[in-house]
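Visitor: sequence? don't have it. structure:
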């Protein structure tokens, strides 16, 4: 029998994306077998990430009109995406037929701004998690959250956990275990400082100062976007 058509995975790519939000799960999902990945941006021009290097899109919005798995990463460029009507419209179109609509880190806020998480439970980076409620989603303080066909990973490194969990849902746990072994994914962080509950006060303050520097007023901007979308929503 001929092999089934490849499972298509579309990652949204945008300026100032946190590259590990995208490349971590892409590495895992690429090993599901019989898949095709696209990095989809507004144009095919190189896209600057938050890590001083660019990623090259493989497709633009016009090229990709459907996908099996949609994945939206986060990053300091999230607010600009949430304000971009063209990107949100493309996400709504693609999500309409996707088998899985997914996100990593603050990518869930982008999905929420597109109206794709209303009434869904979702994860997000700890510093932005509660903002999901402004868009009608239910914030969940878990590393990976499944709610029907919505799957979200928490902070940056949760992208790999999310991708392994999704691999298990699609290809079975045995294959997910194989992928984990093939990547030698066996986390043993040298410091116990990966959550706000365990980080010391000085480290937390340093993180918040970084956010204020690279994304000043981010929470206020997200709240304003949520309020604008709520005002623009059709009245029933």
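Guide: Looks like it arrived, so ask away. Predicted, not measured: the structure shown is a model, and the values here were computed from it. Residues are numbered from 1 along each chain as shown.
Visitor: Can you list the residue ranges for helices in this protein?
Guide: Here the chain has its helices, by DSSP state H, at 19-29, 78-82, 85-95, 107-113, 158-171, 173-182, 201-214, 218-232.
Visitor: which regions of this structure sit below the pLDDT cut-off?
Guide: Where the chain drops to pLDDT under 70, the residues are 1-2, 235-236.
Visitor: Please repeat the previous calculation with a cut-off of 80.
Guide: Counting by pLDDT under 80, the ranges of the chain that qualify are 1-3, 233-236.
Visitor: Count residues in the vicinity of the closest residue to residue 12 other than its chain neighbours, would you?
Guide: Among residues not flanking residue 12 along the chain, residue 72 sits closest, at 4.7 Å (C-beta to C-beta, 6 or more residues apart in numbering). Every residue, glycine included, has its C-beta placed from N, CA and C. Residues near residue 72, counting by other C-beta atoms under 10 Å, number 31.
Visitor: what does residue 49 give?
Guide: 24.
Visitor: pretty sure it contacts residue 16?
Guide: Yes. Applying C-beta atoms under 8 Å as the test, residue 49 and residue 16 come out as touching, 7.1 Å apart.
Visitor: number of nearby residues for the nearest residue to residue 61 once chain neighbours are set aside?
Guide: Nearest non-adjacent residue to residue 61, counting by C-beta to C-beta, 6+ apart: residue 90, 4.6 Å away. The tally of other residues near residue 90 (other C-beta under 10 Å) stands at 22.
Visitor: Buried residues, stretch 218-236. List them.
Guide: For stretch 218-236, the neighbour count (16 or more other C-beta atoms under 10 Å) marks 218, 221-222, 225-226, 229 as buried.
Visitor: could I get those as a markdown table with distance to residue 130?
Guide: Converted to a markdown table, the buried residues of stretch 218-236 look like this (distance: C-beta to C-beta, whole Å):
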| residue | distance to residue 130 |
| --- | --- |
| 218 | 13 |
| 221 | 15 |
| 222 | 10 |
| 225 | 15 |
| 226 | 12 |
| 229 | 17 |
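Visitor: Among those residues, which one lies nearest to residue 102?
Guide: residue 222 (20.1 Å; C-beta to C-beta).
Visitor: My guess is the closest one contacts residue 132. True?
Guide: No. Using C-beta under 8 Å, residue 222 makes no contact with residue 132, being 9.7 Å away.
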